[in-house]
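Enquirer: could you look at this predicted model? Sequence included:
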Amino acid sequence: MSGGVEERDGLDGSDGSDSFGGSDGSDGLDGFREVQRLAYACAEAVAAQLRPGTTEREAARAMRVWAREHGVRDWFHLPFAWFGDRTAFTGFKVPLQFFPTGRRLEPGMPFILDLAPVYGGCTADIGYSGSLGPNPLQERLMADLREHRELILREVRERRPLRTIYEDVDRLMIRQGYANRHRAYPFGVIAHKVDRVTERRWSPRIAGFGAQSLKGLASDALHGHRDGWSPLWSPYRMSDHPPYPGLWAVEPHVGFRGTGAKFEEILVVTETDAYWLDDDLPHVRRRHETDTDRTRTASMTASMTGASTGPGTAAGTDTAAGSATGSDTGAAA
């Protein structure tokens, strides 16, 4: 890439493609892991401060302040915050509706925090879903998003066209009983390419997006148009090509009856493989903790069943274990 994007260690775009690997045998992407973890730490810190009456604008401002205090000076885009039915983009028709509003948080209300900082010349774009107090519906949506994380990785590794993967995500959401809400984003994107950005003393922004990042994305779009690929992963013909090597910020977003949930994280695509940049992220840890809790509950239930009924109750044990994991299936309705 040219323009706002500098020459890259481990992301050498001189031949129009990306390659990975440091001289020490690593993938050369530790800077991107660092900024992605920084972004999630920011979202978690601000989420912990949310209270009834907090507005979207106040939450977005808190993320900007936290990030600045931790060394962020530039952005792919400034932070967004969506509360209540705005997490499902209810009624969204124009881009201005994505920007933070005066909507106030209420007990039990879902929220999504989204930020895309540039740090050390590396870019991340993350989405963090939560609620002010228990919200079983949003928790269910987040649990069902694990299938989308697995599907996307599997089909990118199979080198299926990006447009086809998008359609498969759509079909999975329909089977789960949910609506596709990332289709409401500009160009209906489920993902976009991210990269290194030249750091400058003055970093202007255009409509909330960093000028240097937009310059690099535009350069990618021009090169992609020439070579038959797009840096925007959409449901349209421009994405009807195999996964292009590089770093992709992927954000499947589901909605159900005015509640929305999503995750957003970096997917690394190479010429021959793909992998999530980091598995030590809040939504992944939450899933592992839930799996551990369910396994422990099933084991305790099986032990209690065996103790109360005596020998020869293997079938009953299987039933107990099955009922403990059955909540993973079916739609949120």
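Expert: On my side now, so go ahead.
Enquirer: number of nearby residues for R287?
Expert: 16 (other Cβ atoms under 10 Å). For every residue, glycine as well, the C-beta is placed using N, CA and C.
Enquirer: so how far is stretch 189-209 from its chain's centroid?
Expert: On the basis of Cα atoms, centre = their mean, to the nearest Å, stretch 189-209 is displaced by 17 Å from the centre of the chain it belongs to.
Enquirer: settle this for me: L214 is touching A207, isn't it.
Expert: No - L214 is beyond contact range of A207, at 9.2 Å (criterion: Cβ atoms under 8 Å).
Enquirer: settle it for me: which of those two has more neighbours?
Expert: Of the pair L214 and A207, L214 is the one with more neighbours under other Cβ under 10 Å, namely 18 against 10.
Enquirer: distance of that one from A221?
Expert: For L214, the distance to A221 under the criterion Cβ to Cβ, to the nearest Å works out to 10 Å.
Enquirer: let me see the contact set for the nearest residue to P161 once chain neighbours are set aside.
Expert: The shortest distance from P161 to any residue other than its chain neighbours is 5.4 Å, reached at D240 (Cβ to Cβ, 6 or more residues apart in numbering). Contact analysis of D240 by Cβ atoms under 8 Å, 6 or more residues apart in numbering lists P161, L162, R163, T164.
Enquirer: could you work out the most separated pair of these?
Expert: Pairwise distances among the contacts of D240 were taken by Cβ to Cβ; the largest, 7.3 Å, belongs to L162 and T164.
Enquirer: which one of the two has more residues nearby?
Expert: Taking neighbours as other Cβ under 10 Å, L162 and T164 compare with L162 leading, 27 against 14.
Enquirer: how many other residues sit next to the closest residue to the more buried one other than its chain neighbours?
Expert: Beyond its immediate neighbours in the sequence, the residue positioned closest to L162 (Cβ to Cβ, 6+ apart) is S239, lying 4.3 Å away. Under the neighbour criterion other Cβ under 10 Å, S239 is assigned a count of 25.
Enquirer: tell me the pLDDT at S239?
Expert: In the predicted model, S239 carries a pLDDT score of 97.
Enquirer: ok, the one 3 residues further on next?
Expert: P242 is assigned a predicted lDDT (pLDDT) of 97.
Enquirer: how near is P282 to A221?
Expert: Relative to A221, and taking Cβ to Cβ, P282 is found at 31 Å.
Enquirer: again, but for R205
Expert: R205 sits 19 Å away from A221 when distances are taken as Cβ to Cβ.
Enquirer: same question, A59
Expert: Per Cβ to Cβ, A59 is found 31 Å from A221.
Enquirer: of those two, who's got more company?
Expert: Neighbours per residue (other Cβ under 10 Å) separate A59 from A221, with A59 holding more: 24 against 16.
Enquirer: quick check, H283 in contact with D144.
Expert: No - look at H283 against D144 with Cβ under 8 Å: they stay out of range, at 11.9 Å.
Enquirer: all the helices of the stretch 1-150 of the chain, residue numbers only.
Expert: Defined through DSSP state H, counting those that start in this stretch, the helices belonging to the stretch 1-150 of the chain, from first to last, are 30-49, 56-69, 136-157.
Enquirer: including mean pLDDT and distance to F98, could the ones you listed go into JSON lines?
Expert: Rendered in JSON lines, the data for these read as follows (pLDDT from 0 to 100; distance: least, Cβ to Cβ, whole Å):
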{"stretch": "helix 30-49", "mean pLDDT": "98", "distance to F98": "17"}
{"stretch": "helix 56-69", "mean pLDDT": "98", "distance to F98": "11"}
{"stretch": "helix 136-157", "mean pLDDT": "98", "distance to F98": "19"}
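Enquirer: cool, thanks, signing off.
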